[in-house]
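Student: Let me see the structure of the following:
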Amino acid sequence: MIRIILLLMAAVLLFRLAFPQAPYPADSTLPLPEVEALVNPRVVVAEAIKVAPLDEKEKELAKLLDGKKEEMIALLKEIVEINSGSRNARGIDSVGKILSSRLIKLGFKEEFIPAKAETFDVAGEKKIQTSGPHRILRKAGTGKKVLLMGHLDTVFEPESGFLKFIRFPGTAGDSTVGPGTADMKGGLVVIVFALEVLDKAGFLKDKDVTVFFNGDEETGSKFSKERIFAEAKRADFCLNFEEGRDVPYGGIVVARKGTAGATITCRGHAAHAGNQHYLGINAAVELSQKLLELSKLSDYKRGITVSPGVIDLGPFAKSNRVPDFARAEVDFRYLDPADTSYLRAKVEEIRHRVYLRNPWTKEEAKTELDFEFNFPPMRPDTARYRWAGEVLALARLLEVPAGVKGSAGGSDASIAALAGCMTIDALGPVGGATHTTDEWVNLITLPERAKLTALILSRIWKN
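Tutor: Just a heads-up that it's a prediction; the model follows:
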């Protein structure tokens with residue numbers, strides 16, 4: 001057995017030597033200040049900031065969460081095992097009801113925004129997709145206005161088969177794997193328990209707090225983004241609860257890339273691949289040419305990446321048939337808001353190029369484009385960095401591991417930041433492998449992040 005293990009270790013070492021991992025550009029000597037600022041945001045004031053020590057009421061607040069770990073885990077398990085994929089409006093509604101009912105007991109008033117249906121063209125077939133409903137829970141009061149946000153939907157639909165909450169209590173930190181544990185049902189649990197202990201300790205009295213649970217974040221918050229923007233406009237501070245990054249530090253996200261998506265549909269002319277090949281116009285070839293051109297728009301120095309991810313040749317795709325239909329979904333990430341016009345212009349330019357023309361029939365391939373910007377960038381901001389420094393100082397008072405991080409992922413936090421609200425993200429429990437069947441969360445960090453959230457809010461209301 002020992003010999004086999006040694007042989008396996010040697011094989012892994014040889015593989016790594018033969019195929020070394022390329023460093024992320026931010027770790028190289030390339031002049032990439034924007035990417036570096038995003039990947040490793042410099043909260044230069046973090047170590048210098050000093051905050052007042054915990055007073056007796058805040059100590060009491062922290063103690064209230066010391067025995068809540070198993071209760072928090074029980075709630076997390078309950079909502080994780082209710083499937084709430086973005087197309088499962090009923091499941092999203094069920095998760096929202098469980099959470100909102102607990103906040104209503106604290107005096108919050110609920111506004112329910114029903115699910116919306118949208119018609120999509122999928123390979124020439126019309127299909128209806130329903131987004132999840134949203135819930136806004138508001139508690140009127142005075143002083144600084146606070147907005148807490150979390151999304152109810154996950155990327156895992158019922159047919160994914162990834163449906164169970166599996167706990168590994170013997171692992172370091174006590175961890176669990178399950179759909180949405182990190183992204184972001186763990187964060188939803190943190191919101192609820194932080195508010196419950198704040199209420200019990202008397203901190204919520206006469207405070208202005210809004211909680212926004214939306215049901216369509218994983219599909220770009222298409223139906224909720226306008227309302228998120230409006231709620232953030234009236235708030236002074238916004239906390240979003242995506243998972244904390246970078247174990248064991250629990251990175252709090254202070255900067256993000258913007259996201260956009262394009263659906264490109266090419267139409268040609270179908271033909272028998274042998275007998276009438278000359279009559280065909282291959283939509284797959286036309287699409288491939290365009291995807292190659294789009295991929296060339298990736299520019300690490302500029303902070304732009306382009307990733308074709310889904311290709312569909314329709315219901316009649318066969319190797320012995322010249323395809324007359326080809327569609328691709330393409331992901332775009334960018335740092336500079338000004339690049340929205342640059343990307344739109346470039347994508348339109350590529351769309352209008354024609355690569356295939358049938359020399360006999362003179363027919364040309366045709367291309368349709370649906371291009372949409374989803375989440376705006378959450379740009380590096382000095383004031384936000386200073387606040388993040390204060391948050392790290394509060395974490396040290398609580399002896400809760402925490403750091404700062406940038407992210408190339410999209411988030412509702414970017415919408416709130418665009419509205420001018422002081423915003424930080426990733427205050428949920430520490431987790432990772434999101435959007436995969438290995439998605440996990442460190443359960444010890446559930447009460448830790450709830451303590452940190454409660455203390456952040458108490459300090460906001462003190463100032």
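Student: What ranges does the stretch 301-450 of the chain have for its strands?
Tutor: 305-312, 321-322, 325-334, 366-373, 403-407, 422-424, 431-432, 440-442 (DSSP state E, counting those that start in this stretch).
Student: Point out the most buried one among these.
Tutor: Stretch with highest mean neighbour count among those: strand 440-442 (a mean of 28; mean count of other Cβ atoms under 10 Å). Any C-beta I mention is one placed from the backbone N, CA and C, and that applies to glycine too.
Student: Can you tell me what sits against it?
Tutor: With contact meaning Cβ atoms under 8 Å, 6 or more residues apart in numbering, strand 440-442 is reached by 76, 173-178, 181-182, 186, 243, 247, 429-433.
Student: do stretch 313-329 as well
Tutor: Here stretch 313-329 makes contact (Cβ under 8 Å, 6+ apart) with 123-125, 261-274, 277, 280-284, 286-287, 291, 308-312.
Student: please redo it, this time with the cut-off set to 7 Å
Tutor: For stretch 313-329, the surrounding residues in contact (Cβ atoms under 7 Å, 6 or more residues apart in numbering) are 123-124, 261, 263-273, 277, 280, 282-284, 286-287, 291, 308-312.
Student: Quick check: which ranges of the stretch 1-150 of the chain have low pLDDT?
Tutor: 1-48, 119-129 (pLDDT under 70).
Student: Nearest residue to Pro337 in space, please, no chain neighbours.
Tutor: Spatially, and ignoring its direct neighbours in sequence, Pro337 is nearest to Pro377 (5.9 Å; Cβ to Cβ, 6 or more residues apart in numbering).
Student: which ones are touching the one you found?
Tutor: Neighbours of Pro377 in contact, by Cβ under 7 Å, 6+ apart: Arg256, Lys257, Gly258, Tyr334, Leu335, Pro337, Ser414.
Student: wait, which of those residues is closest to Arg167?
Tutor: Proximity of these to Arg167 (Cβ to Cβ) peaks at Arg256, which lies at 30.7 Å.
Student: Which stretches in the stretch 351-463 of the chain count as helices?
Tutor: Using DSSP state H, counting those that start in this stretch, the helices of the stretch 351-463 of the chain run over 382-398, 412-418, 445-462.
Student: now the chain
Tutor: 2-18, 33-39, 56-64, 69-80, 89-104, 186-200, 225-234, 283-295, 339-352, 382-398, 412-418, 445-462 (DSSP state H).
Student: Determine the set of other helices and strands touching the last one.
Tutor: Based on contacts counted as 3 or more Cβ pairs under 7 Å, 6 or more residues apart in numbering; DSSP states H and E, the elements that helix 445-462 packs against are helix 56-64, helix 69-80, strand 142-151, helix 186-200, strand 237-240, helix 382-398.
Student: Show me what that helix is in contact with.
Tutor: 58, 61-62, 65-66, 68-69, 72-73, 143-144, 146, 186, 189-190, 193-194, 197-198, 203, 207, 237, 239, 244, 250, 391, 394-395, 398, 400, 402, 427-430.
Student: how about CSV for the helices of the chain, with distance to Pro158 and mean neighbour count added?
Tutor: Below are the helices of the chain laid out as CSV (distance: least, Cβ to Cβ, whole Å; neighbours: other Cβ atoms under 10 Å):
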stretch, distance to Pro158, mean neighbour count
helix 2-18, 37, 9
helix 33-39, 35, 19
helix 56-64, 37, 16
helix 69-80, 14, 19
helix 89-104, 8, 19
helix 186-200, 20, 25
helix 225-234, 26, 18
helix 283-295, 31, 20
helix 339-352, 34, 15
helix 382-398, 37, 19
helix 412-418, 24, 27
helix 445-462, 26, 24
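Student: Out of these, flag the one nearest Pro359.
Tutor: It's helix 283-295; of these, that one is closest to Pro359 (Cβ to Cβ) at 14.7 Å.
Student: Output the closest one as CSV, restricted to C-alpha atoms.
Tutor: Output in CSV follows, covering the C-alpha atoms of helix 283-295 (Å, rounded to 0.1, in the frame of the first residue of the first chain):
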residue,chain,number,x,y,z
ALA,A,283,-24.2,27.7,-39.7
ALA,A,284,-21.7,26.0,-37.3
VAL,A,285,-18.7,27.1,-39.4
GLU,A,286,-20.1,30.7,-39.6
LEU,A,287,-20.6,30.7,-35.8
SER,A,288,-17.1,29.3,-35.2
GLN,A,289,-15.5,32.1,-37.1
LYS,A,290,-17.4,34.6,-35.1
LEU,A,291,-16.5,33.0,-31.8
LEU,A,292,-12.8,33.0,-32.7
GLU,A,293,-13.1,36.7,-33.4
LEU,A,294,-14.9,37.4,-30.2
SER,A,295,-12.3,35.4,-28.2
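Student: Fine, thanks again, bye for now.
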